[in-house]
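*Asks:* Quick one: sequence and predicted model below, then my questions.
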Amino acid sequence: MLEQIISIVRQAGEIVLSAHDVWSQTHEKSSAADLVTEYDLAVERFLKEKLPPLMPGSLFFGEEEKENADPLTGWVFIVDPIDGTTNFVRGLKQSAISVALAHDGAVEYGVVYDPYKDEMFSAKRGGGAFLNGRPIHVSERSLSEGVFGMGTAIYDRQFLAPTMRVTEQLFRRSCDFRRLGAAALDLCNVACGRLDLFFEYSLSPWDHAAGGLIITEAGGVISTLEGAPMDYAHRCSVWASNQVNKGILRELEV
């Protein structure tokens, strides 16, 4: 199953790489910060056609076409066709395709693909995490020697003040931080040890479902900022880290 998902996602990556004249094919959804392109729609249509036949009876829960699927019941593909759409529109080449396959609310398979770097992150529950077929593991660095990633919850601007408050607290403890604009890749960067933790106040299930499994299979931890399990049906906050830094969450004013 994992190899079949990887193959399909790699094919979808060719759609992303074929993109041209993206600005003219971009539309606002809820605001100027919430964009969709014809390529998002094309990738999602391709994945919606190819993925469900891998698991007969499964449903499709995508960012653009949710099909009224309940992501907590049965087999469901949770899909972000292009995570980091603003990066994609602006040619920053920091975007990814994210696919998770969940069963009764538990993610069993996760794939995140960066077509620009040709980096395929993958995991199966209980089977470890991989980058282009090679095992990966979270870092063993403390935050005092580390770099953290953060997101700014651009669709929920009421979180601006707490986001900046937590960023300042972590920055004072760390070497530096990054805001890269593609949460699925941020999570994978924690999983392979490039970042030592990541947080954001509001993410959708398709942003974190695949990356969350990849982190846990790489030896890390993921929860909401309140310390609760991840929510695959609604937006929620995210705290992801290696084992060394997981306790810092309890020390922060969030």
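*Replies:* Now that the structure is in, tell me what you want to look at. Not measured: the values here are computed from a predicted model.

*Asks:* Now do the buried residues in the helix or strand hosting G149.
*Replies:* G149 belongs to strand 147-150 when assigned by DSSP states H and E. Neighbour counts over strand 147-150 (16 or more other CB atoms under 10 Å) mark 147-150 as buried. For the C-beta atoms, the positions are set from N, CA and C on the backbone; glycine is no exception.

*Asks:* how distant is it from the center of its chain?
*Replies:* Distance of strand 147-150 from its chain centroid, counting by CA atoms, centre = their mean, to the nearest Å, is 14 Å.

*Asks:* again with stretch 165-185
*Replies:* Chain-centre distance of stretch 165-185: 16 Å, with CA atoms, centre = their mean.

*Asks:* residues of it that come out buried?
*Replies:* Across stretch 165-185, burial judged by 16+ other CB under 10 Å covers 166-167, 170, 174, 177, 180-185.

*Asks:* Pick out the most distant pair among those residues.
*Replies:* S174 and A184 (22.1 Å; CB to CB).

*Asks:* any idea of the mean pLDDT for the strand holding G149?
*Replies:* For strand 147-150, the mean per-residue pLDDT is 98.

*Asks:* Output that strand as CSV - backbone C-alpha positions only.
*Replies:* Output of strand 147-150 as CSV, limited to C-alpha atoms (Å, rounded to 0.1, in the frame of the first residue of the first chain):
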residue,chain,number,x,y,z
VAL,A,147,16.5,25.6,15.5
PHE,A,148,12.7,25.5,15.7
GLY,A,149,10.0,26.1,13.0
MET,A,150,6.8,27.9,13.4
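
*Asks:* what does it contact?
*Replies:* Strand 147-150 is contacted by residues 163, 166-167, 170, 174-180, 186, 189-190, 195-200 when judged by CB atoms under 8 Å, 6 or more residues apart in numbering.

*Asks:* cool, and stretch 124-136?
*Replies:* Outside stretch 124-136, the residues that touch it by CB under 8 Å, 6+ apart are 1-2, 106-109, 118-123, 137, 188, 191-193, 213-215, 217-218.

*Asks:* those strands in the stretch 151-254 of the chain, which residues are they?
*Replies:* Assigned strands in the stretch 151-254 of the chain, in chain order: 176-178, 197-203, 221-223, 236-241 (criterion: DSSP state E, counting those that start in this stretch).

*Asks:* Take those and write them to JSON lines, including mean pLDDT and distance to L101.
*Replies:* Converted to JSON lines, those look like this (pLDDT from 0 to 100; distance: least, CB to CB, whole Å):
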{"stretch": "strand 176-178", "mean pLDDT": "98", "distance to L101": "29"}
{"stretch": "strand 197-203", "mean pLDDT": "97", "distance to L101": "19"}
{"stretch": "strand 221-223", "mean pLDDT": "98", "distance to L101": "17"}
{"stretch": "strand 236-241", "mean pLDDT": "98", "distance to L101": "20"}
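
*Asks:* In CSV, list these along with distance to G133.
*Replies:* CSV is the format used below for these (distance: least, CB to CB, whole Å):
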stretch, distance to G133
strand 176-178, 26
strand 197-203, 24
strand 221-223, 23
strand 236-241, 23
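
*Asks:* closest one to E38 among those strands?
*Replies:* strand 197-203 (24.1 Å).

*Asks:* For that closest one, which strands pair with it and how are they oriented?
*Replies:* Using DSSP bridges, the strands paired with strand 197-203 are strand 147-150 (parallel), strand 236-241 (antiparallel).
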